[in-house]
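Student: I'll drop the sequence and a predicted model, then ask my questions.
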Amino acid sequence: MATDFAVFLHRFLTSHMAGLRGCSPNTITSYRDTFKILIGWFAGHRSVPPEKLTLDHIDAAAVTDFLGWLETGRHNCASTRNQRLAAITSFFRWLQSQEPARMAACQEILAIPAKAKTQPGVPHLTVAQTRQLLAAPDRSTRRGRRDATLLATLYETAARVSELAGLAVRDIRLEPPPLAVLTGKGRKTAGRLPRREQPRQARPPRPSAVLQPAPHQAQPRRDRVDHRQVPHPGRRPCSRRHLPSAHTQT
C-alpha cells in the first residue's frame, strides 16, 4: 500500500502542477528532481527506504539537515540550495489545504529561510574581443556562415542559448522593423531586434525549420550550442583561452 507521502507527492506533481497550474515540463522536472534527491537522502542518511517514507519523517529539522547536506555533501551553491527549498516549500504550502491537521508542521517547514547569496561580478568582453569573436568564423564555408549567424544572433538579440536553440525560421521577421521572437524560461515570449543589416536574399526555407540546423535537420541541443568552438580561418579553433582576459563588472 502506498504511503501518504507517495500519494500526496503524486497528486502534487500531476493533478496540481501539471493539471491545475499548467506548469512547464522544465519546472515539473526540477521539482521532481528535488524530491528524488530528498528521497535518496532519507534512504542513505536516515535509513528510511522510499516505500516506508511518510509525511511524519519530513519535518523542519529533517529538511534543514537535508539542505545542509546539499551544501556540504553535494557541494551545491546557495542558489541551488534555495531552489531545492522552494520546491519543498511549494509542496508543503499546497499540502496545508489538503491535510489541515498538518498545518502546524507544514508552517514550520515554510518558515525555513532562504540563504543569502553573494552576487558575483559579471564577466564581459571588450569591444575588441567582441569584434575578434564575431570575425572568427570562416564565412567562405557553410559551417562558418552558420557559426557567424549563431554568434551574431546571440550578440544582437541577447538571447539565452536555450532560446537560440529553439528559434525557428517563422520566429524571424526580416521586413522593417526586423524582429526575433524568443521563447524563454516559463514559456514566455519576447520580441528582440535582430541584426541591423539585411541579409542577402536566399531560397525561403520552411517556416517550421530550425534556424540553426543540426545534422539531419534536427533541432540543435542546448549543450551542443553551448560548447561550440568557432574556427579561425587557417588557425586552431577559437575558444575562451584564445581571447585576452575578460573584464569583470562589479
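Tutor: Structure's in. What do you need?
Student: ok, now which ones touch M103?
Tutor: Q96 (Cβ atoms under 8 Å, 6 or more residues apart in numbering). C-beta: built from backbone N, CA, C; applies to glycine.
Student: Find me the pLDDT at it, would you?
Tutor: Here, the pLDDT recorded for M103 equals 96.
Student: Pull out the buried residues from the helix or strand it falls within.
Tutor: In this assignment (DSSP states H and E), M103 forms part of helix 103-110. Within helix 103-110, the residues that qualify as buried are 105-106, 109, counting by 16 or more other Cβ atoms under 10 Å.
Student: which is the next helix or strand following it?
Tutor: In N-to-C order, the element after helix 103-110 by DSSP H and E is strand 122-124.
Student: and which of the buried residues of helix 103-110 is nearest A86?
Tutor: Within the buried residues of helix 103-110, the smallest distance to A86 is 11.9 Å, found for I109 (Cβ to Cβ).
Student: That closest one: what's it in contact with?
Tutor: Per Cβ under 8 Å, 6+ apart, neighbours of I109: 58-60, 63, 88-89, 92.
Student: Pick out the most distant pair among these.
Tutor: Taking Cβ to Cβ, no two of those sit farther apart than D59 and T89, at 13.4 Å.
Student: Comparing the two, which shows the higher neighbour count?
Tutor: Taking neighbours as other Cβ atoms under 10 Å, D59 and T89 compare with T89 leading, 17 against 13.
Student: Whichever strand or helix holds the more buried one - contacts with which helices or strands?
Tutor: When elements are assigned from DSSP H and E, T89 belongs to helix 78-98. In this structure, helix 78-98 makes packing contacts with helix 4-11, helix 25-45, helix 60-72, helix 103-110, judged by 3 or more Cβ pairs under 8 Å, 6 or more residues apart in numbering; DSSP states H and E.
Student: Distance from the chain centre to it, please.
Tutor: Centroid separation for helix 78-98 versus its chain: 18 Å, with Cα atoms, centre = their mean, to the nearest Å.
Student: Which residue ranges make up each domain of this protein?
Tutor: Using automatic domain parsing, the domain parsing of the chain gives 4-110, 125-196+205-229.
Student: quick revisit: buried among the contacts of I109? Make that a PyMOL selection.
Tutor: Buried subset of the contacts of I109, written as a PyMOL selection, criterion 16+ other Cβ under 10 Å:
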select buried, resi 58+60+63+88+89+92
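Student: and of the contacts of I109, the nearest to D138?
Tutor: I88 (50.1 Å).
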